[in-house]
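Undergrad: Fold the stuff below for me.
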Amino acid sequence: MTFVYLYHYNRCSKSRQALQFLSDQSVSFELIDYHASPPSVETICDLIARSNHEPIEFVRKSSDLEFKPSGTLTDIATFLYTNPQHLQRPIIDVGTHVIIARPLKLLAVIPRFSSMFTDQ
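TA: Reported below is the predicted structural model:
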């Protein structure tokens, strides 16, 4: 079974919900604190490429954001590498799929998680 990576920021409630969900479901995963260790530009490009999200969806919107949403994939990835606080979270990487799990039920599109959301 493919390993799961959770790109996490502990001060984010949605990220903590994803952490709790994976723990409650006994999913083996690696926790990546992207504030302490930002993913490389190449890794961010790869995460975006393996997702069904538009590149700009990986950028958190905030009032202090000084980024133009018309940037290229590399521009966006470079911005997120140098400003990890603007990386959307939580991000779940299962190898073949990458999801911004906001809301958490978006994980249902990943086959290995779909049955975990049948009651919701």
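
Undergrad: Please name the residues that touch residue 40.
TA: residue 81 (Cβ atoms under 8 Å, 6 or more residues apart in numbering). Glycine gets a C-beta too; all of them are placed from N, C-alpha and C.

Undergrad: For residue 106, see how far away it is.
TA: Remark: distance between residue 40 and residue 106 (Cβ to Cβ, to the nearest Å) = 25 Å.

Undergrad: Which pLDDT value goes with the most centrally placed residue in the chain?
TA: Geometric centre of the chain, nearest residue: residue 91, 1.4 Å, by Cα atoms, centre = their mean. What the model reports for residue 91 is a pLDDT of 96.

Undergrad: Can you name the residues bridging to it?
TA: Here residue 91 sits in beta bridges with residue 7, residue 100, as judged by DSSP bridges.

Undergrad: contacting residues around it?
TA: Each residue near residue 91 by Cβ under 8 Å, 6+ apart is listed here: 6, 7, 47, 58, 98, 99, 100, 101.

Undergrad: what's the spacing between it and residue 49?
TA: Per Cβ to Cβ, residue 91 is found 13 Å from residue 49.

Undergrad: Then residue 87?
TA: Applying Cβ to Cβ, the value for residue 87 to residue 49 is 16 Å.

Undergrad: Quick check on these two: which one has the bigger neighbour count.
TA: Between residue 87 and residue 49, residue 87 has the larger neighbour count (other Cβ atoms under 10 Å), namely 23 against 10.

Undergrad: residue contacts, the more buried one?
TA: Counting by Cβ under 8 Å, 6+ apart, residue 87 touches 7, 34, 38, 44, 58, 59, 60, 80.

Undergrad: pretty sure the fourth one is touching residue 81, no?
TA: Looking back up the chat, that one is residue 44. Yes: using Cβ atoms under 8 Å, residue 44 makes contact with residue 81 at a distance of 6.2 Å.

Undergrad: Give me the more crowded residue out of the two.
TA: The neighbour count for residue 44 versus residue 81, taken as other Cβ under 10 Å, is higher for residue 44 (26 against 18).

Undergrad: I'd like the average pLDDT over the strand or helix carrying the more buried one.
TA: For residue 44, the host element (DSSP states H and E) is helix 41-49. Taken as a whole, helix 41-49 carries a mean pLDDT of 97.
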